[in-house]
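K.L.:
Provide a 3D model corresponding to the input given below.
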Amino acid sequence: MNRYHVKYSSTTQSLLSLKSFISEIIITSKISDDDILTLRYWMDDNKHLAGNYPFDKIYSLIDGILSDGVIEEEEKEKLLKILSDEKICDHSFSSIDSLCGRYVCLTGNFTFASRKEIEETIEKYSGFNEHKSLTSRTNYLFVGGKGSADWAFGNYGNKIKKAKELQEKGCPILILDEDILAHFFSTHNPPDIYTMQECLQLFDSLSNESLEIIQEQIHSAIAGCFKVVHPLSPHLEPLISKDILSECTDFNWSNQLYRFSRNELASRIESLNTGLHFRKNSKLESLINLCTLNIPERIRELFPEYGAFMLNERFLNSDLLFQLQKMLRSKIQS
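P.N.:
Numbers count the residues shown, from 1 in each chain. Down below sits the predicted model:
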């Protein structure tokens, strides 16, 4: 007899029941009218699960099927395909280019190294570890374990569940298999980091306006995002010539965003159906920050000609950033 008894919350028990029902459908590769109606009745009786992935997604799909009062074969096939094809990991990404300034969360047991070794290596590549739980600022959630990429709809832990829920709200968190992280480590060398002394030498002849740009970039990096530096800034040239700022190619900040009014920008973003909600009294700058943090890849679709600059990769060491932030604050204030 097992001495240990796992006590699940009522929400978890209900989600497990939902998962079990879906698993039976996937195994048989069939879904009947009765299955759809039974699932809908069950979900109507368990609306307290709203907000928990995958409840909202399934409910929305079934609601669409039943909206006209007729269940068509094509609709059943589409629902079955979605339930069967839904995977934990995003397989549209086969690789990543950088971990610099990215917030990284890990879940599961990894096969190529221990969790501690992986976290230490992420820091060498100037990434930020989110040890306890992921947040809306998380860029990557890496899933460890053999076969994890083949997990079907519903087989996930708390971190994956939360990531899926945040994705549904428009947050651009990528859920990736551990193989992508292992491949990145094996094909990329950690960046050389500027020393504090080298930083001071670079900053020595810069104006206060230029130092304020750097300070803003450092503050943004620590916060998990990168604020745009306008390409037309008269103080940008010495920062680029000294290799303090480098052109941003993988963050899709667009200086063109500033050419639109708040209403024009909101209209364009809302047309993407991202699920983001805008407060009517939001300032344009706040709206831009919200959009760029939550849907950076879609921003580039709307504004293909963009210009943005971020800190050179060699600055993105967390200890160094905090030291520089403190030093710049005192230097500018003096």
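
K.L.:
so which residues of the stretch 101-250 of the chain form strands?
P.N.:
103-107, 128-129, 140-143, 174-177, 245-247 (DSSP state E, counting those that start in this stretch).

K.L.:
can I get the very next helix or strand once past the last one in CSV, CA atoms only?
P.N.:
Going back to what we said before, that points to strand 245-247. Downstream of strand 245-247, the next assigned helix or strand under DSSP states H and E is helix 262-270. What follows is helix 262-270 as a C-alpha-only set of coordinates in CSV (Å, rounded to 0.1, in the frame of the first residue of the first chain):
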residue,chain,number,x,y,z
ARG,A,262,-2.8,56.6,-30.0
ASN,A,263,-6.1,55.8,-31.8
GLU,A,264,-4.4,54.8,-35.0
LEU,A,265,-2.0,52.5,-33.2
ALA,A,266,-4.7,50.9,-31.1
SER,A,267,-6.8,50.3,-34.2
ARG,A,268,-3.9,48.6,-36.0
ILE,A,269,-3.0,46.4,-33.0
GLU,A,270,-6.6,45.5,-32.3
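
K.L.:
dump the strands of the stretch 101-250 of the chain into JSON lines; add distance to residue 55, mean pLDDT and mean neighbour count as well.
P.N.:
In this view, the C-beta of every residue, glycine as well, is placed from N, C-alpha and C. Output for the strands of the stretch 101-250 of the chain, formatted as JSON lines (distance: least, C-beta to C-beta, whole Å; pLDDT from 0 to 100; neighbours: other C-beta atoms under 10 Å):
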{"stretch": "strand 103-107", "distance to residue 55": "21", "mean pLDDT": "90", "mean neighbour count": "22"}
{"stretch": "strand 128-129", "distance to residue 55": "30", "mean pLDDT": "85", "mean neighbour count": "18"}
{"stretch": "strand 140-143", "distance to residue 55": "20", "mean pLDDT": "90", "mean neighbour count": "25"}
{"stretch": "strand 174-177", "distance to residue 55": "18", "mean pLDDT": "86", "mean neighbour count": "22"}
{"stretch": "strand 245-247", "distance to residue 55": "43", "mean pLDDT": "77", "mean neighbour count": "16"}
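
K.L.:
could I get those strands as TSV with distance to residue 316?
P.N.:
Output for the strands of the stretch 101-250 of the chain, formatted as TSV (distance: least, C-beta to C-beta, whole Å):
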stretch	distance to residue 316
strand 103-107	12
strand 128-129	9
strand 140-143	15
strand 174-177	19
strand 245-247	11
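
K.L.:
for the nearest residue to residue 143 once chain neighbours are set aside, the count of nearby residues, please.
P.N.:
Leaving aside its sequence neighbours, residue 143 sits nearest to residue 108 (C-beta to C-beta, 6 or more residues apart in numbering; 5.3 Å). Burial measure for residue 108: 20 neighbouring residues, criterion other C-beta atoms under 10 Å.

K.L.:
surely residue 108 meets residue 118?
P.N.:
No - the criterion here is C-beta atoms under 8 Å, and residue 108 misses it with residue 118 at 11.3 Å.

K.L.:
hang on, the earlier thing: distance check, the residue nearest to residue 143 against residue 168.
P.N.:
Using C-beta to C-beta, to the nearest Å, residue 108 is found at 21 Å from residue 168.
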